[in-house]
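> Pasting the sequence and the predicted model now:
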Amino acid sequence: MGWALLVIMTAPFAVSVVCYFAPVQICRGLTLASGVLTFVLAVLLVPAKTTTALSGWLRVDALSIVFLIAVAFLYAVTAVFAIGYVLPAGGNGSAARYNRRFFAGLNLFAWSMAMAPLVNGLALLWVAIEVTTVVSALLVAIDDTDSATEAAWKYLLIASMGLGIALFATIVMYYAGSSVFGGSYELFYPKLLGVAGHFAPEVVRFSFVLAVLGYGTKMGLVPVHTWLPDAHSEAPTPISAMLSGSLLAVSFYAILRFYQVTVRAIGSTFPRNVLLAFGVASLVLAALYLARQRDLKRLFAYSSVEHMGVLAIGMSFSAPIAVVGVLLHVLAHAAAKGTAFFGAGSVLRKFGTKDMSRIRGGIGALPWSGPMLVLAVLGLCAMPPFGIFRSEFLIVSGGLADPRDVVAAVLIVGVTLAMLGLSWFTSQTMLTPSPEGVVRGETSVWIVVSMVIGLAALTLLGVHPPGQLSDLLHRAAGELGARP
């Protein structure tokens with residue numbers, strides 16, 4: 001299956017180049033084809049234990065396949081949504097240029113995020129995530145408004161500082177390995193994991209803290225999350241969906257790669273405590289901020305901070321079932337948050353505003369996407385039968401089995417507060433009577449289709465995940481040191 005890695009590495013990039021010059025109709029078709037192809041190839045990799053290409057420079061194992069599926073699924077569904085969201089240029093030359101830049105950037109963004117779980121080694125991983133920063137910052141600013149430019153600049157500054165810290169973490173880990181390998185070697189994962197027990201413990205601890213702080217900036221962990229609400233709110237809706245559902249997950253993946261090495265070098269207690277501190281801070285602060293939001297997209301942005309806190313807390317539990325729940329949560333969050341942002345895009349297109357005080361009667365105005373947005377929010381609130389209910393149930397079960405079961409209680413309280421904030425504002429905007437003058441009807445069938453796909457995946461993950469996917473999650477948890 002090494003050929004699949006090569007296709008994933010080349011297809012989105014090639015489509016990005018073509019879209020920069022091609023008419024928008026061709027860009028739409030190629031983007032959809034590339035997204036579907038990438039997702040299909042990611043699914044074909046699920047049974048594989050380890051697959052390599054390019055003499056080992058590309059490599060996927062169970063852990064990287066989980067995150068590749070999250071990226072590829074959201075890429076494919078966002079391609080469907082973008083067809084309906086991006087308006088035809090007509091005879092407008094500036095609109096045509098915007099559309100070409102948008103589709104070129106969307107594909108390049110997806111390519112950079114897919115490369116992160118494909119590459120083999122901490123150094124290449126840093127390069128891939130750095131590329132995601134540059135591309136996504138340009139996409140945040142693509143609407144060329146003052147607020148979008150400010151959000152992109154803020155994002156670029158904060159993310160660059162975070163990635164500078166992450167680069168330092170990589171250098172420190174390289175130094176830890178030099179005591180075994182000498183002054184020149186590749187930071188390939190199998191090589192590091194095979195001899196991590198011989199690394200100097202204090203050096204590995206320092207490297208892990210730097211990695212959590214550095215990549216945690218891109219993941220949206222408190223207190224280095226401040227770029228996230230502005231960027232998610234100002235970016236075009238398809239980009240907001242990919243930022244929240246894919247980019248944050250890829251950054252978490254980078255932390256888990258450092259976690260793997262750290263666990264094998266010094267055991268799991270120290271890295272679990274570090275993740276616990278960041279996770280609790282993120283969950284609690286996000287839950288409080290959710291009660292103060294008036295911008296629909298910022299509401300979902302703070303929900304992303306909350307769910308990143310859930311992931312970090314889940315990794316702090318020692319029970320293997322919690323780690324399986326964390327990996328399932330990555331997939332479920334991608335489906336739920338993508339669908340929620342698609343619904344927000346439909347509302348924005350219908351009402352012309354993100355201000356929730358000016359949005360009323362969403363279900364009456366949007367007969368399909370309105371109810372599905374409510375269902376997506378219920379999914380984010382961990383209501384059954386959706387995937388986040390199942391993943392958080394596994395995480396809480398693992399927490400209750402942990403000696404520090406008080407953290408599980410904190411998790412339950414934080415998630416409940418977040419649920420109250422999300423459900424209150426959603427009910428005010430979607431379940432109230434429609435104002436006069438609002439024409440009932442959808443803005444695009446493609447938006448409806450994308451939301452149906454997202455909700456179907458979210459429901460499947462909650463009701464009965466496929467057997468091979470469940471096996472993949474358990475294998476990935478084993479690679480993270482969680483043994484039954």
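Sure, I can see it.
> can you give me the strands for the stretch 1-150 of the chain?
For the stretch 1-150 of the chain, the strands defined by DSSP state E, counting those that start in this stretch occupy 51-53, 58-60.
> how about the nearest residue to Gly361, chain neighbours excluded?
Take Gly361 and drop its neighbours on the chain: the residue closest to it by CB to CB, 6 or more residues apart in numbering is Ser434, 2.9 Å away. C-beta coordinates here come from the backbone N, C-alpha and C atoms, glycine included.
> Need phi/psi at that neighbour.
Backbone geometry at Ser434, expressed as degrees, to the nearest 10, gives phi -70, psi 140.
> List the contacts of it.
Each residue near Ser434 by CB atoms under 8 Å, 6 or more residues apart in numbering is listed here: Arg360, Gly361, Gly364, Ala365, Arg440.
> Among those residues, the buried ones, what's the ChimeraX command?
Buried subset of the contacts of Ser434, written as a ChimeraX selection, criterion 16 or more other CB atoms under 10 Å:
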select :360,361,364,365
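> most neighbours per residue, which of the strands of the stretch 1-150 of the chain?
strand 58-60 (a mean of 23; mean count of other CB atoms under 10 Å).
> sorry, back to before: Val407 is nearest to which of the strands of the stretch 1-150 of the chain?
When the strands of the stretch 1-150 of the chain are compared by CB to CB, strand 58-60 sits nearest Val407, at 32.0 Å.
> okay, the residue nearest to Gly361: pLDDT?
The score at Ser434 is 78. That number is its pLDDT.
> repeat for the one 5 residues further on
Turning to Val439, the model gives it a pLDDT of 81.
> Now do the phi/psi pair for it.
With angles defined as degrees, to the nearest 10, Val439 sits at phi -80, psi 130.
> Neighbours of it, how many?
Using other CB atoms under 10 Å, Val439 is surrounded by 7 other residues.
> now Tyr85
22.
> Go ahead and confirm it touches Ile447.
Yes: with contact defined as CB atoms under 8 Å, Tyr85 counts as touching Ile447 (6.5 Å).
> Find residues that contact each of the two.
Residues touching both Tyr85 and Ile447 (CB under 8 Å, 6+ apart): Gly345, Arg349.
> pLDDT below threshold where in this structure?
Applying pLDDT under 70 to the chain flags the ranges 89-92, 482-484.
> Apart from its chain neighbours, what residue comes closest to Ser268?
Counting by CB to CB, 6+ apart, Ser268 lies nearest to Gly481, which is 6.1 Å off, once chain neighbours are set aside.
> For the one you found, give its distance to Pro271.
Using CB to CB, to the nearest Å, Gly481 is found at 10 Å from Pro271.
> out of the two, which sits in the more crowded spot?
Neighbours per residue (other CB under 10 Å) separate Gly481 from Pro271, with Pro271 holding more: 28 against 17.
> nearest residue to the more buried one other than its sequence neighbours?
Leaving aside its chain neighbours, Pro271 sits nearest to Thr262 (4.7 Å; criterion: CB to CB, 6+ apart).
> Name all residues that make contact with that neighbour.
Residues near Thr262 by CB under 8 Å, 6+ apart: Ala196, Val204, Arg205, Ser207, Phe208, Phe270, Pro271.
> Same question for Ile453.
By CB under 8 Å, 6+ apart, Ile453 lies in contact with Val77, Val80.
> Ok, Phe199 next?
Residues in contact with Phe199 (CB under 8 Å, 6+ apart) are Ala176, Gly177, Ser179, Val180, Val261, Ala265.
> swap the cut-off to 7 Å and go again
Contact analysis of Phe199 by CB atoms under 7 Å, 6 or more residues apart in numbering lists Ala176, Gly177, Ser179, Ala265.
> again, but for His232
Contacts for His232 (CB under 7 Å, 6+ apart) come out as Ser240, Leu243, Ser244, Lys297, Arg298, Phe300, Ala301.
> if we go to 6 Å?
Taking CB atoms under 6 Å, 6 or more residues apart in numbering, we find His232 in contact with Ser240, Leu243, Lys297, Ala301.
> how close does it get to Gly245?
Going from His232 to Gly245 by CB to CB gives 11 Å.
> Quick check: what element follows the host helix or strand of Ser397 along the chain?
Using DSSP states H and E, Ser397 sits within helix 387-400. Moving toward the C-terminus from helix 387-400, the next helix or strand (DSSP H and E) is helix 406-430.
> Just the element for the residue sitting furthest away from the middle of the chain, please.
Distance to the chain centre peaks in the chain at Glu436, reaching 37.9 Å (criterion: CA atoms, centre = their mean). Assigned by DSSP H and E, Glu436 falls within no helix or strand.
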